[in-house]
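[1] Need coordinates for the following:
(2 chains)
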Amino acid sequence: MDAYELIMRNASEVVTEEEVRALAAADGKRAYVGYEPSGVLHIGHMLTATKLIDLQEAGFDITVLLADVHAYLNGKGTFEEIEATAERMKEQFIAYGLDEDKTEFVLGSTFQFDREYILDLHALELETSLSRAERAMAEIKSGDTVRVSQAVYPLMQALDIVYLDVDLAVGGMEQRKVHMLARDTLPSIGEDAPTSLHTPLIADLETGIGKMSSSAGTTISMEDSTDAIEEKVNAAFCPPTADPDPDEEGRERENPVLQIFEYHVFPRFETVTVERPDKYGGNLEYDSYAALEADMESGELHPMDAKGALADALDRLIEPGRKQLEA
RNA sequence: CCGCCCUUAGCUCAGCCUGGUAGAGCAGCCGACUGUAGAUCGGCUUGUCCCCCGUUCAAUUCGGGGAGGGCGGACCA
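    The predicted model follows:
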C-alpha cells in the first residue's frame, strides 16, 4: 500500500483530497490528534489511534495532544486530576501500538498559556461568532448548559494546529465542524487553513444507531476483561448484513460488529480466523474485510460465529493495554 | 439589578389547587422464541419528590428563604 492509500484507508472524508495527495508525496510531514485525557482508552480512542499507526507507516511524525486545558474547560475536573490521567493515557496508547519513538506526546498546558498563544486566541475570538463556536463544539449534549469555556474550546483546537505545527489534523467525524471552523478562521489571523482527515464513527453497539457512547451505554475499553468483551460483543446488534434497514422510527442503522471488523480488526491483523463448529461447516479464514462482509451477506457466515471471532480479535488488541493498566 | 417560569424514577413528564412519604410512557433487567443481536410475546426493578427553615398529629403537596436552570426587560404593544 502506498502512502496515499495508507492515509486514505478507512477515512470517512478528507479535506481536501488534493492537499492530501500533496502531503503523501512530501517529506517531514506531521499529523496530530488531540484527546481529552481520560483514565481508560476506549474503542473510540483506538479508532483514531489505528489511523495514526497508518499515518506513521505513511511517513508522518505524530503528535498526540493530551488536552488537559481543554478537559478543564469542559468541566472534567481539576488540573491535578486531569494531569494524573494524562500520563496513564499516554502509556495506554503506547501499549495499543503507537510507536513510542515516532510519537510525541504533548500536554496542552505546556504551550497554551504562552503569551503569544493567548493573544492569537483572542484574535480568533474576535473573528468568530458565539453561535459558530457553539456549533463547532462536539461534546455539548443537548440540554446541557453551554459555558463560555466551551465556546473557547474549539478555537483553541484550531490554534493548536498552528502551534503544534502540524500539516494534518485528524479526528472522528464529530470533529469536522471544528476543523471547518479552523479552515475558515485561521486564515483571518494569517495562518494556513489546515488539511483534515476524519475517521468514521462506530455505531452504538446495542442498536446500530448513531455513535457509540463512551459515557453511557455499552462501549469497549481497555479495562474490559476477556469475558466482558465477549459479553458485550455477543449483545451487539448484528443483522446478517452490512446495511441494515432503518428502525421503526426511520433512523439509519449500521452493523457495529462489521464496522469494528472493518475499522479495528483488519487494519491490525493480516488474517482473521472464524472458529466454527464442524456442524456448521468448520473454520473460516479471511484476509480482507470485503471477503468477510460478502460471506455475511450471503449467509455463509453466521453473525454468532462472526461475533466469536470479533471478541477474540478485540481481546488480542486490548490485552497489552489491559496488562499495562493492571501494572 | 428587576420580572415570569421550571426543578419528582436513567430520560420526558403527571400528581401538589382540595396535606396522609408517588405514578405513566420510554429506557433498563430477566425469561420465551429465533444458531447472534434486533423484532415479538410474558414478567420485574428503580426514587435524598433540589436544599434549609417554618406551619401541622402528618409536607412532594402550604408559607418563607436559598441554590441551579430557562425566558424576558428599546420600539412595534
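[2] Now for A:Pro244, how many residues are close by?
    19 (other C-beta atoms under 10 Å). For glycine as for every other residue, the C-beta is placed from the backbone atoms N, C-alpha and C.
[3] contacting residues for the residue nearest to it when sequence neighbours are not counted?
    In space, and not counting its chain neighbours, A:Pro244 is closest to A:Arg253: 4.4 Å by C-beta to C-beta, 6 or more residues apart in numbering. Contact analysis of A:Arg253 by C-beta atoms under 8 Å, 6 or more residues apart in numbering lists A:Ala203, A:Thr207, A:Gly208, A:Ile209, A:Phe237, A:Pro244, A:Asp245, A:Pro246, A:Asp247.
[4] Confirm that A:Ala11 sits in a helix.
    No. According to DSSP: H, G, I helix; E, B strand; the rest coil, A:Ala11 belongs to no helix; its state is coil.
[5] pLDDT weak spots in chain A?
    A:138-144, A:213-217 (pLDDT under 70).
[6] How about the residues of it by RNA strand B?
    Within chain A, the positions adjacent to RNA strand B are A:143, A:145-146, A:206, A:234-240, A:247, A:257, A:276-277, A:280, A:302-305, A:307 by C-beta under 7 Å from any atom of the strand.
[7] returning to that earlier point: and the furthest pair within the contacts of A:Arg253?
    A:Ala203 and A:Asp245 (13.8 Å; C-beta to C-beta).
[8] In terms of neighbours, single out the busier of the two.
    For the pair A:Ala203 and A:Asp245, the greater number of neighbours falls to A:Ala203 (24 against 9), based on other C-beta under 10 Å.
[9] got the contact list for that one?
    A:Ile209, A:Gly210, A:Lys211, A:Met212, A:Phe237, A:Arg253, A:Glu254, A:Asn255, A:Pro256, A:Gln259.
[10] In terms of distance to RNA strand B, which of these ranks first?
    Lowest distance from RNA strand B to the contacts of A:Ala203 (C-beta to the nearest atom of the strand) belongs to A:Phe237, with 4.1 Å.
[11] pretty sure the closest one contacts A:Met212?
    No. Using C-beta atoms under 8 Å, A:Phe237 is not in contact with A:Met212, being 11.0 Å away.
[12] now the residues of chain A next to RNA strand B: which count as buried?
    Listed as buried from those are A:Ala236, A:Phe237, A:Cys238, A:Pro240, A:Val257, A:Arg276, A:His302, A:Pro303, A:Asp305, A:Lys307; burial here means 16 or more other C-beta atoms under 10 Å.
[13] Taking these, tell me the two that lie furthest apart.
    A:Phe237 and A:Arg276 (21.2 Å).
[14] how far does the strand or helix carrying A:Met296 sit from the chain's center?
    If you go by DSSP states H and E, A:Met296 is part of helix A:289-298. In terms of C-alpha atoms, centre = their mean, to the nearest Å, the centre of helix A:289-298 is found 24 Å from the chain centre.
[15] which element follows it toward the C-terminus?
    Downstream of helix A:289-298, the next assigned helix or strand under DSSP H and E is helix A:303-326.
[16] what inclination does that following helix have with respect to helix A:289-298?
    140 degrees (axes from the mean of the first three to the mean of the last three C-alpha atoms, to 10 degrees).
[17] any chance you could map the strands in the stretch 1-150 of chain A?
    Along the stretch 1-150 of chain A, counting by DSSP state E, counting those that start in this stretch, strands occupy A:13-15, A:30-35, A:61-66, A:103-107.
[18] and the angle for the helix or strand A:Val162 falls within with strand A:61-66?
    Element membership for A:Val162 (DSSP H and E) is helix A:148-163. Relative orientation of helix A:148-163 versus strand A:61-66 (the same axes, to 10 degrees): 160 degrees.
[19] Using PDB, write out every CA atom in helix A:148-163.
    Only the C-alpha atoms of helix A:148-163 are listed here, as PDB (Å, rounded to 0.1, in the frame of the first residue of the first chain):
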ATOM      1  CA  VAL A 148     -18.300  30.400  27.700                       C
ATOM      2  CA  SER A 149     -15.400  28.000  28.200                       C
ATOM      3  CA  GLN A 150     -17.000  25.600  25.800                       C
ATOM      4  CA  ALA A 151     -17.000  28.300  23.100                       C
ATOM      5  CA  VAL A 152     -13.300  29.000  23.600                       C
ATOM      6  CA  TYR A 153     -12.600  25.300  23.400                       C
ATOM      7  CA  PRO A 154     -12.900  24.800  19.600                       C
ATOM      8  CA  LEU A 155     -10.900  28.000  19.000                       C
ATOM      9  CA  MET A 156      -8.100  26.500  20.900                       C
ATOM     10  CA  GLN A 157      -8.400  23.300  18.900                       C
ATOM     11  CA  ALA A 158      -7.900  25.400  15.800                       C
ATOM     12  CA  LEU A 159      -4.900  27.200  17.300                       C
ATOM     13  CA  ASP A 160      -3.300  24.000  18.400                       C
ATOM     14  CA  ILE A 161      -3.000  23.000  14.800                       C
ATOM     15  CA  VAL A 162      -0.800  26.100  14.300                       C
ATOM     16  CA  TYR A 163       1.200  25.900  17.400                       C
END
